[in-house]
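Colleague: using only what follows, build the 3D model:
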Amino acid sequence: MSREDEYFKTRDPQLCEASLEDLLDRLHTDHIDVLMLHWIDKEEDFEAAFDKNGYLGAALRLKTEDKARLLALSTHIVPIAERAIRSGFIDALMFPVNPAHDLLPGNYGLEEMWDESTQENLLDRKTDAVSTRIDLYLLCDQAGIGVIAMKPYAEYSPNQPTEAEYGGFRSTRKTVPVARCVWTGVHLVSG
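Modeller: Numbering: from 1, shown residues only. Below is the predicted model of the structure:
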């Protein structure tokens with residue numbers, strides 16, 4: 001949302017609905033394809049977003065009124081994504097699908113991703129992060145949830161080597177192609 005040319009995050013259903021109505025008016029349309037419950041990285045954000053008497057309730061009503069075709073959630077946290085999928089309310093998940101994020105533990109979010117201390121020796125760290133994400137993508141596939149690849153290209157920290165070996169792919173730090181999605185067999189959409 002934008003307030004005086006500044007973006008901000010809100011879970012106020014009335015403010016979100018007013019913003020959607022304004023968008024529909026400016027786009028000269030009566031619906032959007034995807035209504036995104038955006039940046040749900042903390043447990044309290046999930047609780048607020050999935051309140052049937054608040055944010056989620058408004059989103060479901062807008063979907064019922066055909067103002068939104070699909071309901072999606074964006075997060076950087078595997079357990080939050082799994083919880084949203086199991087809720088049965090979302091149709092799509094926007095999740096980071098890139099080698100830089102795939103090497104982090106599943107409970108690390110955007111803030112941890114860019115923290116220099118997190119990235120120290122990232123390539124040498126042994127975690128279950130890759131298999132955790134594969135399990136997430138397979139859960140999406142089983143539930144019929146579309147995956148929208150968030151941040152499909154990533155940069156390594158300037159302190160990291162200029163080249164990195166990732167699952168048999170050699171990459172430079174300028175752009176790192178998505179390699180993990182090829183191995184899961186899950187169809188991903190990047191936009």
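Colleague: quick check: Glu17 touching Glu65?
Modeller: No - contact status for Glu17 versus Glu65: not in contact, 10.5 Å apart, counting by C-beta atoms under 8 Å. Where C-beta positions appear, they are placed from N, C-alpha and C, glycine not excepted.
Colleague: neighbour count: those two, which is higher?
Modeller: Remark: of Glu17 and Glu65, Glu17 carries more neighbours, 16 against 10, as counted by other C-beta atoms under 10 Å.
Colleague: in contact with that one, which residues?
Modeller: Glu17 makes contact with Ala58, Leu62, according to C-beta atoms under 8 Å, 6 or more residues apart in numbering.
Colleague: quick check: the residue nearest to Leu104 when sequence neighbours are not counted vs Gly109, distance?
Modeller: When the adjacent residues along the chain are set aside, Leu104 lies closest to Ala129, with 5.6 Å between them (C-beta to C-beta, 6 or more residues apart in numbering). With distances defined as C-beta to C-beta, to the nearest Å, the gap from Ala129 to Gly109 amounts to 13 Å.
Colleague: now the helices for this structure?
Modeller: In the chain, helices defined by DSSP state H lie at 13-27, 43-49, 55-64, 78-87, 99-102, 110-113, 116-119, 129-143, 180-184, listed in chain order.
Colleague: which of those helices sits most buried?
Modeller: Between the helices of the chain, the one whose residues have the most neighbours on average, counting mean count of other C-beta atoms under 10 Å, is helix 99-102 (a mean of 23).
Colleague: that helix packs against which elements?
Modeller: Using 3 or more C-beta pairs under 8 Å, 6 or more residues apart in numbering; DSSP states H and E as the contact test, the elements touching helix 99-102 are helix 129-143.
Colleague: let's see 10 Å
Modeller: Packed against helix 99-102, as judged by 3 or more C-beta pairs under 10 Å, 6 or more residues apart in numbering; DSSP states H and E, are the following elements: helix 110-113, helix 129-143, strand 163-166, strand 169-172, helix 180-184.
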